[in-house]
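*Asks:* Sharing a model prediction with you, sequence too.
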Amino acid sequence: MTDSLMQRAAAQNPPPDFRPIEFTDGFLGKNGPVLARREADGSVVFGCRVLEDHCNPMQVAHGGWVATLFDVVLPLTARFTVDALAENFLLTVNLSIDYLAGPKLGDWIEGRARVLRT
C-alpha cells in the first residue's frame, strides 16, 4: 500500500480496526479510500468518511457516490468472506436503491452485506 493511501485513510479518522482495502489506488482511491474491518464472526464491514469531494452543494453525499459504495460492498463481501471467490473479479449484476436521506459532510458511513449462496 502506498504511503499516500495510508495517509488519506488515517485522515478519515476511522473507528478502531478499520484499514484501507489494498486495491484503492484507482477509482476507489479517488472516491474513498474505502476501509474495512473484519468482525469476530468472520464478516467484513466497509466504511468511508464523507469528504467534501463526495458532496453536492448542500454538503450532502452525492447519491451516485453512495451507490458506488454499495456497488463495492456487495462483491467485496463475497471476495473477502468466501474462500472460493477470493481471487475472482466479481461484479454487481443488479442494484436498486431507494434513498431516505443522504449522509452529510463528515459522517462516517458503513456498509455490510451477507453472502446467501454461491
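*Replies:* It's in.

*Asks:* Now do the helices in this structure.
*Replies:* Per DSSP state H, the chain has helices spanning 3-11, 27-30, 63-81. These are given in chain order.

*Asks:* tell me which residues of the shortest one are tucked away?
*Replies:* Residues of helix 27-30 classed as buried by neighbour count (16 or more other Cβ atoms under 10 Å): Leu28, Gly29. In short, each C-beta sits where N, CA and C put it, glycine included.

*Asks:* can you list contacts of it?
*Replies:* Contact with helix 27-30 is made by Leu5, Arg8, Ile21, Val34, Val72, as judged by Cβ atoms under 8 Å, 6 or more residues apart in numbering.

*Asks:* CA-only coordinates of it, as PDB, when you get a sec.
*Replies:* The C-alpha trace of helix 27-30 is given here as PDB (Å, rounded to 0.1, in the frame of the first residue of the first chain):
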ATOM      1  CA  PHE A  27     -11.300   4.700  -8.900                       C
ATOM      2  CA  LEU A  28     -11.900   3.700  -5.300                       C
ATOM      3  CA  GLY A  29      -8.800   5.600  -4.100                       C
ATOM      4  CA  LYS A  30     -10.200   8.800  -5.700                       C
END
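
*Asks:* Not counting residues beside it along the chain, what's closest to Trp108?
*Replies:* Arg49 (5.4 Å; Cβ to Cβ, 6 or more residues apart in numbering).

*Asks:* quick revisit: please spell out the PyMOL selection for the buried subset of the contacts of helix 27-30.
*Replies:* Buried members of these can be picked out in PyMOL with the line below, counting by 16+ other Cβ under 10 Å:
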select buried, resi 5+8+21+34+72
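
*Asks:* just the contacts of helix 27-30 now: which is nearest Leu95?
*Replies:* Ranking those by separation from Leu95, with Cβ to Cβ as the measure, puts Val72 on top at 10.8 Å.

*Asks:* Sketch out the low-pLDDT regions of this protein for me.
*Replies:* Scanning the chain for pLDDT under 70 picks out the ranges 1-3, 5, 23-25.

*Asks:* related to what we said a few turns ago, so which of the helices of the chain is the most packed in?
*Replies:* Relative to the other members of those, helix 63-81 carries the highest mean neighbour count by mean count of other Cβ atoms under 10 Å, namely a mean of 18.
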